[in-house]
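*Asks:* structure here, sequence nowhere to be found:
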Ligand SMILES: Cc1ncc(COP(=O)(O)O)c(C=O)c1O
C-alpha cells in the first residue's frame with residue numbers, strides 16, 4: 001500500500017530542494033534527465049573522499065586495499081539491486097550511452113555483417129538509436145523499425161514484422177523517456193525468441209529508477225543504465241551482459257587494468273569485469289551508485305512505483321483540467337512511469353519551459369534526444385515533466401498553476417483544448433511541422449477547424465500529435481493563403 005507519509009520524510013533528504021527560485025519553492029520536475037541526490041548518497045561519497053580514497057587494484061597499502069574493497073562491494077550491491085547473481089558480469093561504465101556503445105563496438109562489430117538486420121523502435125533515445133544506425137552504416141546492415149501506436153505504446157504487430165526479417169540484434173528501451181510508456185519487456189522477449197536466434201539489448205535508463213529490476217525475469221542478453229537517473233552521481237553507469245557473450249566479445253577500450261599480459265607483439269585480456277574496465281574507473285561514482293541502490297532498496301521499489309503512480313495519476317487529472325493542455329501517451333498509469341510529456345496551446349515547448357522556470361518549475365522542453373520520434377508524431381518537441389521519489393502533489397499543483405501563467409503571458413494563443421488537436425492536425429497534414437503559435441493565430445482555429453472534432457472528443461489524446469500514425473487521415477489543408485501573425489503582435 002502506498003505510504004504517502006514516508007515520501008514526505010524522503011523529501012527532507014534532498015538538500016537541493018530546500019532552495020527558492022524567485023521567492024518560490026524550487027519545483028524539480030526533470031528527473032528523467034537527471035535525478036537529485038539524497039543526503040545519504042552525498043555523505044557516502046564525501047566520507048569516502050575524506051577518509052578512504054586511493055586508486056584501486058594496485059596499491060599494497062591499507063588505504064588502497066580498503067578502496068578496492070569498497071569498489072568491489074559497490075559492484076555486488078548493484079548486482080543485487082538488478083537481480084544479477086554473476087557479479088563480474090556487471091561492468092561499470094560512464095553511463096547508458098557508453099554501455100550501448102560498448103556493445104555496438106564489440107559485440108556488434110564482431111557479429112553484424114553486410115545485409116544483416118538490426119531491429120529497434122522509432123521511439124528510442126538517440127543513445128539507443130545512433131549507435132545502431134552507425135553500426136549499420138559501417139557494416140552495410142539494415143535497420144528494421146518498430147512503429148508505435150497512436151497512444152504511444154509499441155506496436156507489437158510492427159515488432160513481429162521487424163522480427164520476420166530475422167534481425168541479429170533487437171534493441172529497445174524499457175521505458176520511453178518521452179511518453180513514459182513501459183514496454184512489455186517479457187512479451188517482446190518471448191516474441192523475439194520465438195522468431196529465431198536474436199541478441200536482445202535493453203536500455204534500462206528510465207526503467208531502473210522506477211521499476212523493480214530483476215534481470216533473471218527480464219530475459220534479455222544485454223542491459224544498460226545510468227547512475228545519475230536513479231539518485232546516484234553522474235559519470236557512473238552499468239552494462240550487464242550474459243557471461244558467455246561478454247567472454248567471447250572483443251575488448252572495447254585498451255590500456256591499464258584490463259590486461260592479463262602484455263608483450264611487445266600482442267596482449268591478452270583479464271577476466272570479467274576487468275576486461276571491460278580499462279584505466280582508472282570512477283571509484284567514488286561506483287560507491288555513490290551503490291549508496292543510491294541501498295537508498296532505493298530501503299524505500300522499497302514497490303513503494304517507489306506506488307508513489308510514481310499516485311503522482312502520475314494526479315498529474316494527468318490536473319493537466320486535463322488546464323485549458324489547452326494535451327497529455328501524450330497512455331492515460332492508464334499502469335502503462336507508464338516517470339515522464340509525462342504534454343502539449344500546451346500550440347506554444348513552443350521552449351517558451352513554456354522558460355516561463356515555468358521563472359515560476360521555479362523545472363521541466364524539460366525539446367526533442368528529448370528522440371528526433372526520429374518527434375518527426376514521426378509531427379512535433380518539433382514536447383514539454384516534459386518527470387517525477388521521482390522527492391516530488392509531491394504540491395509540485396504538480398505548482399506546475400498546473402504556472403501553466404496558467406504561461407497562458408497569461410502568451411494571451412494570443414487562442415486555442416481551447418478541443419481546438420488544440422485540430423490545429424496540430426492542420427499543421428501536420430499540411431506538412432508544416434512547425435510547432436508554434438503562428439498557425440493558430442493565423443485564423444485556422446476560428447475558421448477551418450471549427451467543425452472538426454477535437455482529438456479528445458475522439459477519445460485519443462495522442463492522436464492530436466500523431467498524425468502520421470492516425471488511420472484515415474483527411475486530405476491535407478492548403479495553408480498557402482493563410483496570414484501568419486506573430487504571437488507578440
Ligand atoms: C531512455 C534513455 N536511454 C538512454 C539515455 C542516455 O543516458 P545517459 O545520458 O546517462 O547516457 C537516456 C537519457 O535521458 C534515456 O532517457
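*Replies:* Cool, the structure landed. The shown structure was predicted, so the numbers you read here are calculated from the model rather than taken from an experiment. Residues are numbered from 1 along each chain as shown.
*Asks:* could you chop this protein up by domain?
*Replies:* The chain breaks down into these domains under automatic domain parsing: 1-30+300-489, 44-296.
*Asks:* and these, which one's lowest on average pLDDT?
*Replies:* Note on the domains of the chain: domain 1-30+300-489 shows the lowest mean pLDDT, a mean of 73.
*Asks:* ok so, going back, can you say which of the domains of the chain is nearest to residue 37?
*Replies:* Residue 37 lies closest, by CB to CB, to one member of these: domain 44-296, at 5.7 Å. All C-beta atoms are positioned from the backbone trio N, CA, C, and that covers glycine.
*Asks:* can you give me the end-to-end span of that closest one?
*Replies:* End-to-end distance of domain 44-296 (CA to CA, to the nearest Å): 14 Å.
*Asks:* now the domains of the chain as JSON lines including distance to residue 38 and mean neighbour count?
*Replies:* Formatted as JSON lines, these follow (distance: least, CB to CB, whole Å; neighbours: other CB atoms under 10 Å):
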{"stretch": "domain 1-30+300-489", "distance to residue 38": "4", "mean neighbour count": "19"}
{"stretch": "domain 44-296", "distance to residue 38": "6", "mean neighbour count": "20"}
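*Asks:* let me have the ones you listed in a markdown table, extended by distance to residue 37.
*Replies:* A markdown table is the format used below for these (distance: least, CB to CB, whole Å):
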| stretch | distance to residue 37 |
| --- | --- |
| domain 1-30+300-489 | 8 |
| domain 44-296 | 6 |
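*Asks:* what does the stretch 201-350 of the chain have sitting close to the ligand?
*Replies:* 203, 205-206, 226 (CB under 6 Å from any ligand atom).
*Asks:* so which of those comes closest to residue 15?
*Replies:* residue 226 (21.7 Å).
*Asks:* measure the closest one to residue 368 for me?
*Replies:* Distance of residue 226 to residue 368, given as CB to CB, to the nearest Å: 15 Å.
*Asks:* what do you get for residue 207?
*Replies:* For residue 207, the distance to residue 368 - CB to CB - is 16 Å.
*Asks:* do residue 147 as well
*Replies:* Residue 147 is 18 Å from residue 368, by CB to CB.
*Asks:* so which of the domains of the chain gets nearest residue 36?
*Replies:* domain 1-30+300-489 (5.0 Å).
*Asks:* residue at max distance from the center of this protein?
*Replies:* residue 264 (44.2 Å; CA atoms, centre = their mean).
*Asks:* so what's it up against?
*Replies:* For residue 264, the contact set (CB atoms under 8 Å, 6 or more residues apart in numbering) is empty.
*Asks:* near the ligand, which residues of the stretch 51-200 of the chain?
*Replies:* Counting by CB under 6 Å from any ligand atom, the stretch 51-200 of the chain sits next to the ligand at 95-97, 125, 127-128, 173, 177.
*Asks:* report the two of those separated the most.
*Replies:* The widest separation within those, taken as CB to CB, falls between 95 and 173 and amounts to 14.4 Å.
*Asks:* re earlier: closest one to residue 136 out of the residues of the stretch 201-350 of the chain next to the ligand, please.
*Replies:* Nearest member of these to residue 136, counting by CB to CB, is residue 203, at 17.1 Å.
*Asks:* in the sheet, who's paired with the closest one?
*Replies:* residue 173, residue 224 (DSSP bridges).
*Asks:* thought it was touching residue 173?
*Replies:* Yes - counting by CB atoms under 8 Å, residue 203 touches residue 173, with 4.3 Å between them.
*Asks:* now stretch 229-247, how far from the chain's geometric center?
*Replies:* Relative to its chain's centre, stretch 229-247 lies at 16 Å (CA atoms, centre = their mean, to the nearest Å).
*Asks:* any idea how far apart the tips of it sit?
*Replies:* Length of stretch 229-247, first residue to last, CA to CA: 29 Å.
*Asks:* over to stretch 291-308?
*Replies:* Using CA to CA, the end-to-end distance of stretch 291-308 comes to 21 Å.
*Asks:* ok, residue 208 touching residue 82?
*Replies:* Yes - here residue 208 lies in contact with residue 82, judged by CB under 8 Å, at a distance of 6.9 Å.
*Asks:* give me the common contacts of these two.
*Replies:* residue 225.
*Asks:* quick revisit: could the residues of the stretch 51-200 of the chain next to the ligand go into TSV alongside distance to residue 35 and secondary structure?
*Replies:* Listed next are those as TSV, based on distance: CB to CB, whole Å; DSSP: H, G, I helix; E, B strand; the rest coil:
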residue	distance to residue 35	secondary structure
95	13	coil
96	14	helix
97	17	helix
125	16	coil
127	17	helix
128	19	helix
173	17	strand
177	13	coil
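*Asks:* what does stretch 161-173 rub up against?
*Replies:* With contacts defined as CB under 8 Å, 6+ apart, stretch 161-173 is touched by 100, 108, 111-112, 116-121, 123-125, 128, 132, 142, 144-146, 154, 183, 188, 191-192, 195-203, 205-207.
*Asks:* quick check, central residue of this protein?
*Replies:* Note: the chain centre (CA atoms, centre = their mean) maps to residue 177, 3.1 Å.
*Asks:* so who does that residue touch?
*Replies:* Contacts for residue 177 were tallied using CB under 8 Å, 6+ apart; they are 32, 125, 205-206, 338-339, 368-370.
*Asks:* and which of those residues is nearest to residue 386?
*Replies:* Of all those, residue 386 sits closest to residue 32, with 3.5 Å by CB to CB.
*Asks:* quick one: the closest residue to the closest one other than its chain neighbours from the ligand, how far?
*Replies:* Distances taken as CB to CB, 6 or more residues apart in numbering put residue 386 closest to residue 32, at 3.5 Å, once the chain neighbours are dropped. Distance, residue 386 to the ligand, by CB to the nearest ligand atom, to the nearest Å: 10 Å.
*Asks:* bridging residues for residue 386?
*Replies:* Beta-bridge pairing for residue 386 (DSSP bridges): residue 30, residue 339.
*Asks:* tell me who's in contact with it.
*Replies:* For residue 386, the contact set (CB under 8 Å, 6+ apart) comprises 29-33, 180, 338-340, 363-364.
*Asks:* need these in CSV with distance to residue 71, can you?
*Replies:* Formatted as CSV, the contacts of residue 386 follow (distance: CB to CB, whole Å):
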residue, distance to residue 71
29, 34
30, 30
31, 27
32, 28
33, 27
180, 34
338, 29
339, 32
340, 37
363, 36
364, 33
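*Asks:* can you tell me the helix or strand for residue 343?
*Replies:* For residue 343, the host element (DSSP states H and E) is strand 339-344.
*Asks:* meant to ask about residue 317
*Replies:* helix 301-320.
*Asks:* contacts for that helix?
*Replies:* Counting by CB under 8 Å, 6+ apart, 1-4, 6-7, 180, 209-213, 296, 325, 327, 331, 333-334, 336-338, 340, 342, 385, 387-389, 391-393, 396-397, 399-400, 403 sit against helix 301-320.
*Asks:* try 7 Å
*Replies:* Helix 301-320 is contacted by residues 2-3, 6-7, 210-212, 296, 325, 327, 331, 333, 336-338, 340, 342, 385, 387, 389, 391, 393, 396-397, 400 when judged by CB atoms under 7 Å, 6 or more residues apart in numbering.
*Asks:* of these, which belong to strands?
*Replies:* 325, 327, 340, 342, 385 (DSSP state E).
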